[in-house]
Structures are given as C-alpha cells and as structure tokens.
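Trainee: Generate a structure from the sequence data that follows.
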Amino acid sequence: MSYESPDIERKVLSILKILGSSHQAQGARVIARQLKDLGIELTERAVRYHLKLTDEKGLTRLVGRRDGREITELGQTELKKALVKDKVGFAFARIESLAFSTNFNFETHTGLIPVNISMFTKDNFHKSLKIMKKIFHGGLCVSDMVAVANEGEVVGDIIVPEGMIGLATVCSIVINGALLKAGIPVDSRFGGILQIQNHRPLRFTELINYSGSSLDPSEIFIRANMTSVTQAAVKGNGDILANFREIPAVCRSTAEEVFAKLKDARINGLMLLGNISEPVCEVAIDLNRIGIVLIGGLNPVAAAYEAGIESDNYAMSALMEYEKLVRIDEIE
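Mentor: Residues are numbered from 1 along each chain as shown. Down below sits the predicted model:
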C-alpha cells in the first residue's frame, strides 16, 4: 500500500482498523467520530476522500449509500501486514490492556476474563477435542473452562465463519489481571518453550521478549512445530508453551493468596513460583524480585496442531464473561 505521505497512510490504516473491528458496514460520519476518539481529526468529507482511495485499491467496498463501507479480504490482509514497526511491542501492550480490563471477582466467580480464540473446521473439531481433552486433564492449561460457538455465532468478539467451530480457552493474562487487582505490579517478560521432565518444569529452551514482538509468541511456536505438549501431558516429558513474569519479592504472600483463590475458580495457570532473586527455569531474576512461570493458554490447541490439525488462532483475543464458560468435559 503506497500513499503520498506516511501521515495519509496512517489515517487510512486507522480507517481500515475501524472497519476491520466492526461487525457491520460503517459510514463516513461514524468513522470520523471513531477516528476522533483515536486522536485523529478528519472531517466526514476527508474520510470520504480516503474511502474513495481504499475502494480504488480494493481494500474496502461500498455496501450502500446509507450503509457505508466494509473492509474486504484484501483490506484485512493489508491491515495485518502494514506498518510492522508500529506493531513491535504489540503483544506487551495487549497484555497490559487485557490485564487492566479484567474484572474477575474471586468471591462470586463472575466478571470478565481474557481468552484466546481458535477456529477449527467442523470436520476436525471433534477429533481435536479428543486430543485436547488429554491436555486439559493433564493440567497443562490455564483452566478447564472453555466456550464453544458454531458458525454465525459470536465467541469473544469474533464471528465464527461458515463451516467452522470456535473455541475459547482461558488466557494466562487472567493471572496478570488478578495480581494487578490485588495491588501487585507484574512485569510480563517472555513467552517461551518450557521443557518438562518427569512431569516437572526443567528449563526454558526458547524465549521471545513481548516488548520486541508484533505477534503472540505462542502463535509463533505453534506454527513452527516447536512443541510436544501431548508427550508432556501423557508421559511427563516434552516441550510446552509457557510464559514468564516477575513481581516484587515483598508481594509474595499476597500473590500466593491470589493463586489460591484463582484455583478455587478452576484457574490453575501457575506452573512455578520462584524464590527471591533466584533464577527460575534457568532465567535470571533481578534483585528483590520473584520469577513466575505460567502455563500457556494455547497448549491444548498446540497438541491438536502436533497431530496435524490446523486452526486459526487469535491469542490474547478478547474478554468474555466467566459465567458463559463451561467445563471441557461438558463439551461433546
């Protein structure tokens, strides 16, 4: 995509982002209002000018004079590829945003929690479910609470495409949110591959820094076929998806209370809580800090991928009401 200036390109990308996140066509007036919320001042007339450019390039299409525009498949593709430099650190920013927005209540087991969304074809879903249940039962998941949606239904904030089934799994960011609400600052450092030996965490063999990545590390590791989650769940030896966090050492007792309350709500994402200033799974820890190893929320999906079953994954995708989740064993 090439325009007269970077400023115009950014404005066009902002318009595409608005259309891409909407479930229906949007007119210039609505787009102009949403752009203003993003700090971009454009008149309706200017928005129409930019939309004419995107129409000509096949990135948007006119649905009707009153209904406005919708983004095309080409536009979605361009949106994913454009301005990679602006996406560096996106994973870190997304973690912070979801953690802050999480309002899960320990006492009532209600509220919003972050989820990953995975899309499977109808033909593959039941086969995938059989594989994934081994991982859930093996405890290599953040929670055994999930949500399933059929084509045309909405899961998280994504409409399930035709011929697909959507699966929402609890994301480890729920722990960030819970710690944050308890007044504990969390430093989200890495996503990685954790080697499991004799059913216990041994060491990280691969790490990707969130602040330097435009994608969630889990998605990268799954696509690269770098996991052996089923082996880890069944035999106790393998490589799983995991995340590394740090908290101040003074917060340890409060963190332990938070983890206990989360466990009561069937959220068991804690793999390991380290000691003060001591390395955790061969990762160095800063002075007066404690390392935390969290289980990756997409481990069940990674196991399906290991069996040759692909899915479209949207890690750290959205927030869902905890009450809408059900135990994995309730899914047939």
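Trainee: low pLDDT regions in the stretch 101-250 of the chain?
Mentor: Applying pLDDT under 70 to the stretch 101-250 of the chain flags residues 214.
Trainee: Quick check: I31 vs L53, distance?
Mentor: Distance of I31 to L53, given as C-beta to C-beta, to the nearest Å: 14 Å. (Glycine included, C-beta is placed from N, CA and C.)
Trainee: Comparing the two, which residue is more hemmed in?
Mentor: I31 (23 against 16; other C-beta atoms under 10 Å).
Trainee: tell me what whatever helix or strand that one lives in is packed against?
Mentor: Per DSSP states H and E: I31 is located in helix 28-37. Applying 3 or more C-beta pairs under 8 Å, 6 or more residues apart in numbering; DSSP states H and E, we find helix 28-37 packed against helix 6-20, helix 44-56, strand 68-71.
Trainee: show me where this protein has helices.
Mentor: In the chain, the segments counted as helices under DSSP state H are 6-20, 28-37, 44-56, 73-81, 84-87, 90-101, 122-137, 173-181, 217-223, 229-234, 252-264, 299-306.
Trainee: Quick check: which of the ones you listed is nearest to S188?
Mentor: helix 90-101 (4.8 Å; C-beta to C-beta).
Trainee: The closest one vs helix 173-181, what angle?
Mentor: 60 degrees (axes from the mean of the first three to the mean of the last three C-alpha atoms, to 10 degrees).
Trainee: on contacts alone, who are the packing partners of helix 90-101?
Mentor: Secondary elements touching helix 90-101 (3+ C-beta pairs under 8 Å, 6+ apart): strand 112-121, helix 173-181, strand 187-197, strand 312-321.
Trainee: To E256, which of those lies closest?
Mentor: Checking these against E256 by C-beta to C-beta gives helix 173-181 as the closest, at 10.9 Å.
Trainee: got the angle between that closest one and strand 187-197?
Mentor: For helix 173-181 against strand 187-197, the angle by the same axes, to 10 degrees is 140 degrees.
Trainee: Which elements pack onto helix 173-181?
Mentor: Helix 173-181 sits against helix 90-101, strand 112-121, strand 238-248, helix 252-264, with contacts defined as 3+ C-beta pairs under 8 Å, 6+ apart.
Trainee: neighbouring strands for the shortest one, and are they parallel or not?
Mentor: By that I understand strand 112-121. Strand 112-121 has the following strand partners under DSSP bridges: strand 164-170 (antiparallel), strand 312-321 (antiparallel).
Trainee: same deal with the third one?
Mentor: The strands that strand 238-248 pairs with in its sheet are strand 187-197 (antiparallel), strand 289-295 (antiparallel) (by DSSP bridges).
Trainee: contacts for the shortest one?
Mentor: Under the contact criterion C-beta atoms under 8 Å, 6 or more residues apart in numbering, strand 289-295 has outside partners 139-142, 172, 175, 187, 194, 201, 240-249, 251-252, 255, 268-281, 283, 285.
Trainee: before we move on, what about stretch 21-28?
Mentor: Outside of stretch 21-28, the residues within contact range by C-beta under 8 Å, 6+ apart are 18-19, 34, 44-45, 47-48, 51, 63-64, 66-70, 154, 157, 159.
Trainee: now do 7 Å
Mentor: For stretch 21-28, contacts defined as C-beta atoms under 7 Å, 6 or more residues apart in numbering pick out I18, L19, E44, V47, R48, L51, V63, D67, G68, R69, E70, I159.
Trainee: what's the average pLDDT for it?
Mentor: For stretch 21-28, mean pLDDT rounds to 83.
Trainee: Give me the distance from the helix holding I31 to the chain's centre.
Mentor: Using C-alpha atoms, centre = their mean, to the nearest Å, the distance from the centre of helix 28-37 to the centre of the chain it belongs to is 27 Å.
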